[in-house]
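Undergrad: below are the sequence and a predicted model for it; my questions follow.
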Amino acid sequence: MDDDKKPGHEDPAALEVPHEPAGSLAPGLYLVATPIGNARDITLRALDVLASADILAAEDTRNTRKLLEIHGIRRDGRSLWPYHDHNGPQQRPRLLAALAEGRSVALVSDAGTPMVADPGFPLAREAIEAGHEVTALPGASALLAALAISGQPTDRFLFAGFLPPKAAARRRALEDLAQVPATLVFYEAPRRVAESLAAMAETLGPDRPAALCRELTKRFEEARRGTLGSLAADLAEGPDPRGEIVVVIGPPLAREIGDDELDTRLRVALAEGTVKDAATAVAAALGLPRRRVYARALALEAGA
């Protein structure tokens, strides 16, 4: 067989897939993943849909216009509608009406995969309920990129989105997640990440392994790995990091906790708060069932 004809040596020209013309897509809603930083992290299929969908619905129309320009995609009079958290209730009926007319709609997130921490969910759900075809075009995702480079287990993970901004609500959210037997993934804003890491170290335990990933796929991409305690200490001493941030936390540490260690931790916690608060905090920090810790806290408080 000629080397040029062997598998893996195909003529590059034969592999080219031209952009489909506008109007050639089957009717339906297309969920199009877009780059999270590097403009080349977009699939050929996504480019085809962006070039041929009747309507483009974008979380940020400025970013979408720039993406189309970078990849040489012309709109040729096709509609580019803003669709975000603030105008969703007004725009969804328009988009659903377009789908009912047999048109194709491409939903484009600000960056990454639609439906993950963006306003796409209500539109997709209503489109499904109305009987329209909904198609996902997989691609870039900050969630998956951070998992891949975090060094934490990826066989089981929970994406928890953004934590509440207020301290009490944030602590309750972390307490609910403390015993989940999986890697935890959070998105966080730069101005809040130092506070969040401090709360994570206090509630989940300072020895729990973690990674702070920022500016993924961009020029200044960075992954800081260590324990929650060490990461929290680093951020407490320096300026807030810049850019988009993903925090990845490993599963609860599996180790045997004896009664002596438990009592020591509980006595410190009881000196600062109620039995309920002490039991909740210590159970989360040590990875123990709250029932056991609460019973021991009651005994210590009673002087047993």
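TA: Everything's here; your move. Residues are numbered from 1 along each chain as shown.

Undergrad: so where is the stretch 1-150 of the chain shaky, pLDDT-wise?
TA: Applying pLDDT under 70 to the stretch 1-150 of the chain flags residues 1-23.

Undergrad: would you list every one of the helices in the stretch 151-300 of the chain?
TA: Counting by DSSP state H, counting those that start in this stretch, the stretch 151-300 of the chain has helices at residues 167-177, 193-204, 228-237, 259-270, 275-286, 290-301.

Undergrad: those helices: which one's closest to A51?
TA: Among the helices of the stretch 151-300 of the chain, helix 193-204 comes nearest to A51, with 37.6 Å by C-beta to C-beta. Just so you know, the C-beta spots here come from the backbone N, C-alpha and C atoms, and that holds for glycine as well.

Undergrad: packing partners of that closest one?
TA: Where contact means 3 or more C-beta pairs under 8 Å, 6 or more residues apart in numbering; DSSP states H and E, helix 193-204 is packed against helix 167-177, strand 209-214, helix 228-237, strand 245-249, helix 275-286.

Undergrad: can you tell me which of those is nearest to A100?
TA: Smallest distance to A100 across those (C-beta to C-beta): 37.6 Å, for strand 245-249.

Undergrad: other SSEs contacting that closest one?
TA: By 3+ C-beta pairs under 8 Å, 6+ apart, strand 245-249 packs against helix 142-150, strand 183-188, helix 193-204, strand 209-214.

Undergrad: let's have those in a markdown table, adding distance to G229.
TA: A markdown table is the format used below for these (distance: least, C-beta to C-beta, whole Å):
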| stretch | distance to G229 |
| --- | --- |
| helix 142-150 | 17 |
| strand 183-188 | 16 |
| helix 193-204 | 5 |
| strand 209-214 | 9 |
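
Undergrad: could the ones you listed be laid out in TSV, adding distance to T113 and mean neighbour count?
TA: Shown next, in TSV, are the helices and strands packed on strand 245-249 (distance: least, C-beta to C-beta, whole Å; neighbours: other C-beta atoms under 10 Å):
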stretch	distance to T113	mean neighbour count
helix 142-150	8	20
strand 183-188	13	22
helix 193-204	22	22
strand 209-214	16	23
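
Undergrad: who does the nearest residue to Y83 once chain neighbours are set aside bridge with?
TA: Nearest non-adjacent residue to Y83, counting by C-beta to C-beta, 6 or more residues apart in numbering: A57, 4.2 Å away. In this entry, A57 is beta-bridged to W81, L107, by DSSP bridges.

Undergrad: OK, contacts around A57?
TA: Contacts for A57 (C-beta atoms under 8 Å, 6 or more residues apart in numbering) come out as 81-83, 91, 95, 105-108, 123.

Undergrad: nearest spatial neighbour of R65, skipping sequence neighbours?
TA: Excluding the flanking residues, the one nearest R65 by C-beta to C-beta, 6+ apart is L80, at 7.1 Å.

Undergrad: OK, contacts around the one you found?
TA: 55-56, 58, 61, 64-65.

Undergrad: please repeat the previous calculation with a cut-off of 10 Å.
TA: 55-58, 61, 64-65, 68, 106, 108 (C-beta atoms under 10 Å, 6 or more residues apart in numbering).

Undergrad: if the closest residue to I149 other than its chain neighbours is in a bridge, with which residues?
TA: Distances taken as C-beta to C-beta, 6+ apart place A223 nearest to I149, at 5.1 Å, with adjacent residues excluded. Counting by DSSP bridges, A223 is bridged to C213.

Undergrad: E69: neighbour count?
TA: 11 (other C-beta atoms under 10 Å).

Undergrad: which residues sit against the one helix or strand it maps to?
TA: In the assignment (DSSP states H and E), E69 maps to helix 61-70. For helix 61-70, contacts defined as C-beta under 10 Å, 6+ apart pick out 32, 34-35, 39-40, 42, 46-47, 50-51, 56-58, 60, 73-75, 80-84, 106, 108-111.
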